[in-house]
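[1] here is the input, now give the coordinates:
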Amino acid sequence: MAEEDWRTANETVGEFTRGHIDILRWEAENPPPSFAEPLPAGEHLSMSAAVRIAFGNRPDLFATEDMNALARARADIAATAFARDVQRAWIQAVAAEQGLRRTGEAFEATEIAAELAARMTRVGNWGQDRLLREQLGLSDAGIQLAQTRQQAMSAREALVRKLGLWGDGLDFALPDALPPLPTQPLSGEGLEARALRTHPALRLAAIEAERSQRAVGSRTWSMWTEAAEDALSRAVAAGNDNGDPLAHPIEGAPVLKRRQLPRGHDAEKTARAAAEAAALAVTIRSQVREAYHQYQVAYDIARRADENQRLGEDLQEETLLRYNGMLDSTWDLLASARDRVERSSAAVQALGDFWLAHANLQAVVAGAEYPGPDAGSLRVAGRADAGGH
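    Presented below is the predicted three-dimensional model:
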């Protein structure tokens, strides 16, 4: 088998006699099959359009009417998780490009400050040490700008991979900004019940557990539960631990006594089915609560970051008025401009984190696994020290 695989692989390579040129020609003649309508020219790629294009390039995620219940449940969960991943990739790509523009503005303000410092040093108003500090700040800003460019490029390519695009399809434009923060966050009332009601796999697990329990009968099920309680009491000692949480460690699995168990394996299968259904329900409820809590936290942070951005803009306007009135220095104005840009960048990041949490919440309610909270954090910009004339 190995020799045949080796020969087949070499024959395949041999079909491309001119190597890379033939492969490029083959790629041009054999684009990936897509069932999604192309994006109209000049139109920005919206989130819904991104999901449509991505599914159009993934026919393996489609379901069919003749699927059995288990296969359909798995298909629904996979489709929900894939849609969430596409949405997250779109959010991250838009936020990265928006953040890149803010970082570019911050670099320009730092560049102006460094040039002004150089002029003041040449005429003798500043010492070399202050010029070096401004030049170090410019170097740091340049590094941050390069890193942000790479992050924006990586985020866009991650979206491209989710969309399944190549060739002419790569030339798409993203919106200039993320959608604004909603006026009010979603209500968490009824989310757990909705998730339990709509989760594809839980319905099947609950039906199987109920069917199995009815089949074994109440007496057989009582014998099993009594044997399980006895095994647990012998494995885990009850009582006071005298302040030591590890006073009664579990040294092995609880052991069921065979003479206490009903004959056959039906009760064991029933217990396993009931445990799996209960564990899945507990997991779903817990993930919904965690996802909603993260959603609330992300909303609160984004709201405060947006307020900080507005306050930063008001502060810059006030500093500009004082500068025009000869009450503030040029350095005060530049520091205020940098502060405003940094707060604007923090607001973009916080807004992106909110929409990521929103996508996670929607997906987990629909049946997808919760991926956990994102590691975004609000960066509060501090006011730089102002120089003098």
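[2] could you say which helix or strand holds A291?
    Using DSSP states H and E, the element containing A291 is helix 266-324.
[3] do the same with Q144
    Counting by DSSP H and E, Q144 is part of helix 128-163.
[4] follow-up on the earlier one: how far off centre is the helix holding A291?
    From the chain centre to the centre of helix 266-324 is a distance of 11 Å (Cα atoms, centre = their mean, to the nearest Å).
[5] state the mean pLDDT of it.
    When pLDDT is averaged over helix 266-324, the result is 86.
[6] after it, next one along is what?
    helix 330-366.
[7] what helices and strands are in contact with that next one?
    Under the contact definition 3 or more Cβ pairs under 8 Å, 6 or more residues apart in numbering; DSSP states H and E, helix 330-366 sits against helix 69-122, helix 191-198, helix 266-324. The way it works is simple: take the backbone N, C-alpha and C, and place the C-beta from them, glycine included.
[8] out of the ones you listed, flag the one nearest R130.
    R130 lies closest to helix 69-122 among these, at 6.5 Å (Cβ to Cβ).
[9] okay, angle between the helix holding A291 and helix 330-366 too, please.
    160 degrees (axes from the mean of the first three to the mean of the last three Cα atoms, to 10 degrees).
[10] angle of the helix holding Q144 against helix 69-122?
    What separates the directions of helix 128-163 and helix 69-122 is an angle of 160 degrees, with the same axes, to 10 degrees.
[11] flag every buried residue along helix 128-163.
    131, 134, 137-138, 141, 145, 148, 151-152, 155-156, 158-160, 162-163 (16 or more other Cβ atoms under 10 Å).
[12] for it, what is the average pLDDT?
    The average pLDDT within helix 128-163 is 89.
[13] could you do stretch 48-68 as well?
    91.
[14] before we move on, the earlier item: nearest to I284, of the buried residues of helix 128-163?
    K162 (25.4 Å).
[15] count the neighbours of P179 for me.
    Close neighbours of P179, defined as other Cβ atoms under 10 Å, add up to 14.
[16] show me the contacts for the residue nearest to it when sequence neighbours are not counted.
    Spatial nearest neighbour of P179, excluding adjacent residues (Cβ to Cβ, 6 or more residues apart in numbering): W355 at 7.1 Å. Remark: with contacts taken as Cβ atoms under 8 Å, 6 or more residues apart in numbering, W355 is in contact with 91, 95, 178-179.
[17] and the helix holding Q144, what other elements does it pack with?
    helix 47-56, helix 69-122.
[18] okay, G99: pLDDT?
    Taking G99 on its own, its pLDDT is 90.
[19] for E29, same thing?
    63.
[20] now R258: how far from A109?
    78 Å (Cβ to Cβ, to the nearest Å).
[21] which one of the two is surrounded by more residues?
    In this view R258 and A109 are compared by other Cβ under 10 Å, and A109 has more residues nearby, 20 against 8.
[22] neighbours around V86, how many?
    22.
[23] oops, could you answer that again for E318 instead?
    Neighbours of E318 (other Cβ under 10 Å): 12.
[24] with A113 as the reference, measure out to it.
    20 Å.
[25] before we move on, back to that, and the two most separated of the contacts of W355?
    For the contacts of W355, the farthest-apart pair by Cβ to Cβ is A95 and P179; their separation is 11.1 Å.
[26] show me which of the buried residues of helix 128-163 is closest to E342.
    For the buried residues of helix 128-163, the nearest to E342 is A141 (10.7 Å; Cβ to Cβ).
[27] any idea how far the closest residue in space to that closest one that isn't next to it in sequence lies from L311?
    Excluding its sequence neighbours, the residue lying closest to A141 (Cβ to Cβ, 6+ apart) is T110, at 4.1 Å. Applying Cβ to Cβ, the value for T110 to L311 is 21 Å.
[28] check A350 too.
    14 Å.
[29] between those two, which one's more packed in?
    A350 (26 against 12).
[30] so that one sits against N308, correct?
    No: in this structure, A350 is not within contact of N308 by Cβ atoms under 8 Å, at 9.2 Å.
[31] quickly list the domain ranges of the chain.
    Using automatic domain parsing, the domain parsing of the chain gives 47-197+280-366, 200-235+254-279.
[32] among those, which is the most enclosed?
    Highest mean neighbour count among these (mean count of other Cβ atoms under 10 Å): domain 47-197+280-366, with a mean of 17.
[33] ends of that one, what's the gap?
    Taking Cα to Cα, to the nearest Å as the measure, domain 47-197+280-366 stretches 18 Å from start to finish.
[34] over to stretch 49-69?
    29 Å.
[35] same question, stretch 186-196
    18 Å.
[36] which residues touch that stretch?
    Residues contacting stretch 186-196 (Cβ under 8 Å, 6+ apart): 202, 281, 284-285, 288-289, 292, 295-296, 358, 361, 364-367.
[37] could you give the mean pLDDT of that stretch?
    Looking at stretch 186-196 alone, the average pLDDT works out to 92.
[38] can you redo the helices and strands packed on helix 330-366 as a markdown table with distance to D171?
    Formatted as a markdown table, the helices and strands packed on helix 330-366 follow (distance: least, Cβ to Cβ, whole Å):
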| stretch | distance to D171 |
| --- | --- |
| helix 69-122 | 15 |
| helix 191-198 | 38 |
| helix 266-324 | 31 |
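[39] for L232, find the nearest of the ones you listed.
    Of the helices and strands packed on helix 330-366, the one closest to L232 (Cβ to Cβ) turns out to be helix 266-324, at 12.6 Å.
[40] list the contacts of the closest residue to M47 other than its chain neighbours.
    Distance criterion Cβ to Cβ, 6+ apart; nearest residue to M47, sequence neighbours excluded, is W90 at 5.0 Å. By Cβ under 8 Å, 6+ apart, W90 lies in contact with 45, 47, 50, 159, 174.
[41] now do 10 Å
    45-51, 54, 155, 158-159, 162-163, 174-175, 178, 355, 359 (Cβ atoms under 10 Å, 6 or more residues apart in numbering).
[42] ok, now S344?
    Contacts for S344 were tallied using Cβ under 10 Å, 6+ apart; they are 98-99, 101-102, 105-106, 305-306, 308-310, 312-313, 381.
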